[in-house]
Each structure stands twice: as C-alpha cells, then as structure tokens.
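S.K.: next comes the sequence, and after it the predicted model I'd like to discuss.
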Amino acid sequence: MPLLRGAGVATIGALGVLALCLGMTALGRGAGESYAVFLLPLSGELGWDRSSATSVYSLFMAATGFFAPLAGHLFDRFGGRLVYAVGLGALAVGYFAAGSLSQLWQFQIAIGGFCGFGAALIGLAPAQAVVSRWFDKGLATALSMTYGGLGIGTLIMAPLAEYLIASQGWRNAYGWYALVFAVLCGFVLFLPWRRIAEGAPGNPRRHIAAAGRSGPTLKAALKTLEFWAFFVIFFVTAVSIYGISLQSVAYLISGGMSEQQAAFAFGTAGMLSFFGMTATGMAADRFGHRIVATSSYGLTVIGIGALALVPADSTGISLVIFIVCFGLSMGARGPIITTLMARRFSGSGIGAILGAANFGQGLGAASGAFFSGLLFDLTGGYTAAFIGCTLAALIGAGLFWRVGTAPDPD
C-alpha cells in the first residue's frame, strides 16, 4: 500500500521528513532511555537508593509529557526551526551540567527538567504533526516508523552509554552527549522548515489548513470523551512499559548477567521495538486497529511473564522470549492511537492536541518508573512491579475496545 498520495519529488520530500523526525526522536529519547544503563553507576558512586535514582528518570518522562502540549503549540505557531533548536540546546545544557553534578536534586533539574524539556521539543509531538501532513493512506505505517525512533535510539544509545561509562566514566559520557546535541543544534537552523511544515500536495490534512478549515482546537478536543479515552490509554500503556524497561538492566544484573550483557539485552529489545512499531502500523492499516492493538498488549504481558522467569531459567529461553515479545510491543500502540487522533482531530491545532495526549504517556511513564523503584525499595524485589505493570497492560487492551475509529476528513 503506498504511503503517500503523489510521487516523485513529493515522495522524496516525505521520506526525508520521515528520516528527520525519526532521527531526532531516536537521539532525544534514546539518550533519556539510556539512563537505565547509568542507574547502577550513579547509585553506587553517589549512594542513592533505587527510588531516588529512578526519580530522575521519572522526572525526565514527566517533563517530556508535560511539555509535549507546549511543543505542539509552539510548532503550530512558530514552526520547527525554533522548536528543534531550543530543544537540542536544552539537551546540550542538561547533559553538559550532569557531568559535573553530585546532588540528587541537581540531577533532577538537569536531566529531569532540562533534558525532559528538550526531548519533548524534538520528540513525538512536533513529529506527529509534521508526518500527518506528509502521509495519507499509510499514515499508521509512517507514524509507526516515527515512533520507531524510540527503539533505534535505545539500540544505539544503551550500548554506547555502557561503552563510554566503562572506558571514560559516566561524567565524561554525559559530556559526549552534550557535544552531539550542541552540534545538531547548529545543523537544524539551516533546514527548510517552511517547506517541511507545509506537507505534501493532495494530503487531506494539509488541505484542511489551506482551505481555512482550522479544525478543532485543543480546548474543543479537551471537551470530548474520545480525547480522554486516548489520554488514559496512553497513560496505562506507558505504566506497563516503563515500569519494566527502566528496571530491566538492574534486574538482569541482579540475576547474574554482566553489565555488558544486560545493556545488550536492553538495547536489543529497543531495536526490536522499531520493527514492532513498524509492523504494528502496517498491520493496523490492513487488519484494523483494535485487533492489532490487543495482540500487541498480549505480547507485553507474555514478555513481563518471561522476564520474571529469567533468574530460574538456565536455558536462556525466557530471556529470548522477553526480548522478543517485550521489544516488539514497546511503543507499538502509540502509532495506532496517533493515527486515530490525527483523523479525528485533523486541522491546524493537531500539534497541540497530540502533544496534550502525549502528556498522558509521559505521566504514565513517570508513574511506572517511579513506583517500580519504590516497590523495589519496599519489598526488596520486582514481583509487585511486574504484577502492577501486567494489570496496566490488560486495562489498556480493554480500553482500546471502547475507542471508535474515526473516518478520514472529507
């Protein structure tokens, strides 16, 4: 099925835009996701308990979600040049500062606040708005590739973080992060953002704005039950994923794996998430959103169960099942939800609306990450967190059947 109505230069432009959005999402969130690799070195050197250490990541995810509506609004109003440059600048400042800090509250501000803000500005909220203007029939597939940046970022940044920490220490590792984002900040200033924001000729979401049909505003969307259904699905799904992913490296190490093996397993799951998101988007375009989403939640539940069995399984089969099932389901529901929302709330306010919905994802990720760390401190193990994340996944699957599929705009 073609991704785009149109061909030639328009198709090349669409693929370029898709690559840009995927790359920015990969770097911004990949650096944040690699905190799972920094978790034990930071805790060991600075004397943090697990809930304190996870609070930094929780604040990062909360800030990413909290600033997502602002990122969408700023993109709708000022365009991508300002949004991406400020976002990359904030990431550079946050990671540069982190390399010289020693207090928990300082990390919460630098990584949680600055880097969370920066990741939101170069993340899914503006990317979703751009991609929805360039792709039409294959929108779910295109959005799934954009979401796949989360997996690619984890695949690249987790092993890289482990290498940098082992060879140069975690402080210098953050310094390298800062340098990369500073260079990219200069790069994005020279991109043709006006053309990028226009979208592809013939795309109905571009046509709505061009014809003066502004579509629903964020205020109007907030008054609909559909918006809040999407918001809650984002929330519980993020709880089920991020309550597991942040703790997975530490959990595997506690089960006897080396730091390098655990980081590789975490990165491999992240790599598979790209293929899972892409396959889910393509399947949703063909077989329907509800069936595909439910199947994806099933993979999440199977993955969590397999992870719980890893310490008792000497064959390694449970680890493989965890990596495959959990990896393929990480983020896989996001493109489906975004596709439904892009069709339901098409118009000039789509960036802010998608950003507001993504706040649910950020809030869920922060909650899942923090409470999994808190439950570990309270119980001394991971069982309670595994049970809670499984229940969250089942709730998400159930809620998906309450969300209708909206038709494309006329």
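M.R.: Nice, I can see it.

S.K.: where does this protein have its least confident helix or strand?
M.R.: When the helices and strands of the chain are scored by mean pLDDT, DSSP states H and E, helix 204-210 comes last with a mean of 50.

S.K.: what's in contact with the next helix-or-strand element following that one?
M.R.: Downstream of helix 204-210, the first helix or strand assigned by DSSP states H and E is helix 218-221. For helix 218-221, the external contacting residues (Cβ atoms under 8 Å, 6 or more residues apart in numbering) are 69, 73, 227, 345, 349, 352-353, 356. Quick note: C-beta positions are derived from backbone N, CA and C, even for glycine.

S.K.: output the below-cut-off pLDDT ranges for the stretch 151-300 of the chain.
M.R.: Low-confidence regions of the stretch 151-300 of the chain, defined by pLDDT under 70, span residues 200-215.

S.K.: all helices of it, in order?
M.R.: 170-188, 193-198, 204-210, 218-221, 225-254, 259-287, 289-309 (DSSP state H, counting those that start in this stretch).

S.K.: mind putting those helices in CSV, distance to Ala161 included?
M.R.: CSV is the format used below for those (distance: least, Cβ to Cβ, whole Å):
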stretch, distance to Ala161
helix 170-188, 6
helix 193-198, 30
helix 204-210, 37
helix 218-221, 36
helix 225-254, 10
helix 259-287, 7
helix 289-309, 21
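
S.K.: between those, which gets nearest to Leu20?
M.R.: helix 193-198 (7.5 Å; Cβ to Cβ).

S.K.: okay, buried residues for the closest one please.
M.R.: Within helix 193-198, the residues that count as buried by 16 or more other Cβ atoms under 10 Å are 193, 196-198.

S.K.: other residues contacting that helix?
M.R.: 13, 17, 20, 75, 79-81, 130, 133, 206.

S.K.: hmm, which two among these are most spread apart?
M.R.: Arg81 and Arg206 (19.1 Å).

S.K.: quick one: the residue positioned nearest the centre of the chain and Ser102, what's the gap?
M.R.: With distances taken as Cα atoms, centre = their mean, Leu150 lies nearest the centre of the chain, 5.1 Å away. Separation of Leu150 from Ser102 (Cβ to Cβ, to the nearest Å): 30 Å.

S.K.: also Tyr84?
M.R.: In this view, Tyr84 and Ser102 are 31 Å apart by Cβ to Cβ.

S.K.: which of the two has more neighbours?
M.R.: Neighbour count, other Cβ atoms under 10 Å: between Tyr84 and Ser102, Tyr84 has more, with 26 against 8.

S.K.: need the pLDDT of the more buried one.
M.R.: pLDDT for Tyr84: 94.

S.K.: again with Phe107
M.R.: Predicted confidence (pLDDT) for Phe107: 94.

S.K.: how many residues are close by it?
M.R.: Phe107 has 28 nearby residues by other Cβ under 10 Å.

S.K.: correct me, but it touches Tyr57?
M.R.: No: using Cβ atoms under 8 Å, Phe107 is not in contact with Tyr57, being 9.9 Å away.

S.K.: helix, strand or coil: sort out Ser100 for me.
M.R.: Under the three-state scheme (DSSP: H, G, I helix; E, B strand; the rest coil), Ser100 adopts coil.
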